[in-house]
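Colleague: Give me a model of this one.
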Amino acid sequence: MKRKLAFSIMAVVFLAVSIAGYAQTKPVTIVHWYWADNPKYSAEMQKIAADFNATNGKGITVVAQEYPWDGGAYSETLFRAVMGGGGPDTSSFKLTSTPLFTANGLLVNLDPYLAKWKDKDKIDPSLYETMRKSSGTKSVYVMPWNTQILYVYYRHSLFTKAGIGVPKTYAEFLEACKKLTMDTNGDGKIDVYGFGMRGAKGGQEPWGSFIWARGGNFDDMTTPQAIQGMQDFIDLYKNGYAPPTAPMDGFNEIIANFKSGKTAMTIHHIGSSIGMVETFGDDVDAFAFPPGVGCWTSMGDTENVILNSSKNKDAAFEWVSYLATGKGQEMWCTATGNVPVSKDVQQLPFFQNNRFMKVSIEGAPYAGILPILDTTTEWINTIWPNTVAAALSGKISAAEAMKTLQKGLWGK
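Modeller: Alright, predicted model coming up:
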C-alpha cells in the first residue's frame, strides 16, 4: 500500500512538473540590429530592450546591437551579413530595401503571424498595404514601427494678412498660394511668396501630392489627371506664386525661405517643427495636404524585419510586435519625436497635445511611398529634378515632362 501511495505521489509530482514545463517557454536570445541618429536615441533603444527583457514573461532576451546608418550603407551591411550566413534575428529596416531582401528570400513572411496577432487592428490597414507594395507581392514582410509624414507648414499672421483660412480642399490650397503672394511693404515688389516649392532633388515627394490631388498616380503619369497635377505645379512657378529660385531649391533653401518670411507655406515633416517654433513661436502651424479628387502625401519610414535565418522566429515576432504596439512603441516615438503607428499610442496626451504630431497622424492614412524599382534611385537623383527644371523654365510642356518621368521610372 505504501509503495502504491508513493508511486501515486510521484506520478502527481511528475505530472505537475510536466505541466509546468509545458507552460514555460524555453529561454531564447534574440539579436537585434539597429541604427540611431544620436547617442540619446541609442541609449533609448537599450532601455527599450531592457524593458522588454524584464516584462515579456516568455524567457526572451533581446540583445540590441547598434550599427551606423552611414548614408544608407547599413542596409548593405545587413544584406552582406545575412547572405554570408550571419547577421541578426531582427533588424531595423527601410522599405526601399524590401525588394532586394525578398528577392533573395531573406525575410520572414509575416502574414501568418499577423493573422493571429491580437494587436493587428491597432495599425491602420493602409500601412500594411504600403508594406505589401514595397515587396512587390501580396504579403507583408516588414513590420511597421514609426513614420514621418509630410504636411504643410504655414504662418497664422500671413494668413490673417491675406484674409484667408486654412485650406480644406486642393482648390482652396491653390487659391491660397495665389492670395499669400504679397507685397507687404508697398514698394511694388513681391516680398512673400505663397508656396515654398522644392524643385531640386527631394522635391518629388511634395510634388506627388499635386499629382494625386488631381486624380493621378505614379503607375501611369501620362494620364490627363496626372498631367493636370504637373500643370498646377508649373503654374505656381510660372505665375510667380513660388520664389524665382524654386527650380534650384532643395531642403535647406525651402526651410530658410520659410523661416526668413520669404514664403508663407512650405512642405516638410515634424522633424522641422522644433526649429520652426524656435523661429516663430505660436505663429507657425501646419495642416495636412488637402484632398482633391485624390489625396496622397509622402511617408518616411523606419520599420523592422525578421530574418529568415533566425532560429527563433516566434520569439522574434514577440519583439517586433512589442516595438509596433507595445511599450517600446511609446518609448521610441516619445524619445525621437517620430510618428507612432499604433492607434493607441497616437491617442496618448504626449502626441495629441503636439499640434504637429496631430497633423502628422491626420495625414498618415493616405501617406505612401514612391514605387520601389531598379530605376527609382536614378529617377529621384537625376531624372525628376532635371525634367521638372525643364518644365518650370518652359522648355517642355507638362505632358512632355510626365512622359519623360513615366519612361524614366517604368521604362515605357
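Colleague: Pass me the low-pLDDT residue ranges in this protein, would you?
Modeller: For the chain, applying pLDDT under 70 flags the ranges 1-25.
Colleague: how does it divide up, domain by domain?
Modeller: 24-147+300-368, 151-288+373-410 (automatic domain parsing).
Colleague: now for these, which one comes closest to Gly294?
Modeller: domain 151-288+373-410 (4.4 Å; Cβ to Cβ). In this view, the C-beta of every residue, glycine as well, is placed from N, C-alpha and C.
Colleague: In the chain, what residue spans correspond to strands?
Modeller: 28-34, 60-66, 90-93, 143-149, 151-155, 265-268, 284-287, 297-306, 339-340, 367-368 (DSSP state E).
Colleague: just checking, what packs against the second one?
Modeller: With contacts defined as 3 or more Cβ pairs under 8 Å, 6 or more residues apart in numbering; DSSP states H and E, strand 60-66 has these neighbours: strand 28-34, helix 39-55, helix 313-325.
Colleague: ok, and what's touching it?
Modeller: Residues from elsewhere that reach strand 60-66 (Cβ atoms under 8 Å, 6 or more residues apart in numbering): 25, 27-36, 42, 45-46, 48-49, 52-53, 88, 312, 315, 318-319.
Colleague: relative to helix 39-55, how tilted is it?
Modeller: Counting by axes from the mean of the first three to the mean of the last three Cα atoms, to 10 degrees, strand 60-66 lies at 170 degrees to helix 39-55.
Colleague: Just the C-alpha atoms of strand 60-66, please, in CSV.
Modeller: C-alpha atoms of strand 60-66 as CSV (Å, rounded to 0.1, in the frame of the first residue of the first chain):
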residue,chain,number,x,y,z
ILE,A,60,13.1,36.1,-24.4
THR,A,61,16.2,38.2,-24.1
VAL,A,62,16.9,40.8,-26.7
VAL,A,63,20.5,41.9,-27.3
ALA,A,64,20.3,45.2,-29.2
GLN,A,65,23.4,45.9,-31.3
GLU,A,66,24.0,49.3,-32.9
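Colleague: Partner strands of that strand, with direction?
Modeller: strand 28-34 (parallel) (DSSP bridges).
Colleague: And the strand it pairs with, what's buried?
Modeller: 28, 30-34 (16 or more other Cβ atoms under 10 Å).
Colleague: How about stretch 257-271?
Modeller: Buried residues in stretch 257-271 (16+ other Cβ under 10 Å): 257-259, 262-270.
Colleague: Any chance of JSON lines for the residues you listed, columns distance to Gln329?
Modeller: Listed next are these as JSON lines, based on distance: Cβ to Cβ, whole Å:
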{"residue": "Asn257", "distance to Gln329": "35"}
{"residue": "Phe258", "distance to Gln329": "31"}
{"residue": "Lys259", "distance to Gln329": "32"}
{"residue": "Lys262", "distance to Gln329": "38"}
{"residue": "Thr263", "distance to Gln329": "35"}
{"residue": "Ala264", "distance to Gln329": "35"}
{"residue": "Met265", "distance to Gln329": "31"}
{"residue": "Thr266", "distance to Gln329": "29"}
{"residue": "Ile267", "distance to Gln329": "26"}
{"residue": "His268", "distance to Gln329": "24"}
{"residue": "His269", "distance to Gln329": "18"}
{"residue": "Ile270", "distance to Gln329": "16"}
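Colleague: Can you redo the helices and strands packed on strand 60-66 as CSV, where the extra columns are distance to Leu158?
Modeller: Shown next, in CSV, are the helices and strands packed on strand 60-66 (distance: least, Cβ to Cβ, whole Å):
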stretch, distance to Leu158
strand 28-34, 41
helix 39-55, 34
helix 313-325, 39
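Colleague: can you pull the contacts of Phe351?
Modeller: With Cβ under 8 Å, 6+ apart, Phe351 has these contacts: 333, 340, 345, 357-358, 361.
Colleague: could the residues you listed be laid out in a markdown table, adding distance to Ile396 and neighbour count?
Modeller: As requested, the contacts of Phe351 are exported to a markdown table (distance: Cβ to Cβ, whole Å; neighbours: other Cβ atoms under 10 Å):
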| residue | distance to Ile396 | neighbour count |
| --- | --- | --- |
| Cys333 | 43 | 23 |
| Pro340 | 42 | 28 |
| Val345 | 46 | 24 |
| Met357 | 40 | 22 |
| Lys358 | 40 | 15 |
| Ile361 | 38 | 23 |
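Colleague: what about stretch 176-184, how long is it end to end?
Modeller: 16 Å (Cα to Cα, to the nearest Å).
Colleague: Check the offset of it from the chain's centre.
Modeller: In terms of Cα atoms, centre = their mean, to the nearest Å, the centre of stretch 176-184 is set 31 Å apart from its chain centre.
Colleague: how about the nearest residue to Met299, chain neighbours excluded?
Modeller: Ala367 (3.7 Å; Cβ to Cβ, 6 or more residues apart in numbering).
Colleague: shouldn't the one you found be in contact with Thr147?
Modeller: Yes. With contact defined as Cβ atoms under 8 Å, Ala367 counts as touching Thr147 (6.8 Å).
Colleague: from what I can see Ala288 touches Tyr153, true?
Modeller: No. If you go by Cβ under 8 Å, Ala288 and Tyr153 don't touch, sitting 11.6 Å apart.
Colleague: partners of Ile267 in the sheet?
Modeller: Applying DSSP bridges, one finds that Ile267 bridges with Val152.
Colleague: pretty sure it is touching Tyr154, no?
Modeller: No. Ile267 is beyond contact range of Tyr154, at 10.3 Å (criterion: Cβ under 8 Å).
Colleague: Name the nearest residue to Val305, ignoring sequence neighbours.
Modeller: Nearest non-adjacent residue to Val305 (Cβ to Cβ, 6+ apart): Phe93, at 4.6 Å.
Colleague: Look at the one you found and say how many residues are nearby.
Modeller: Residues near Phe93, counting by other Cβ atoms under 10 Å, number 27.
Colleague: Could you measure from it over to Thr302?
Modeller: 8 Å (Cβ to Cβ, to the nearest Å).
Colleague: Same check on Pro224?
Modeller: 37 Å.
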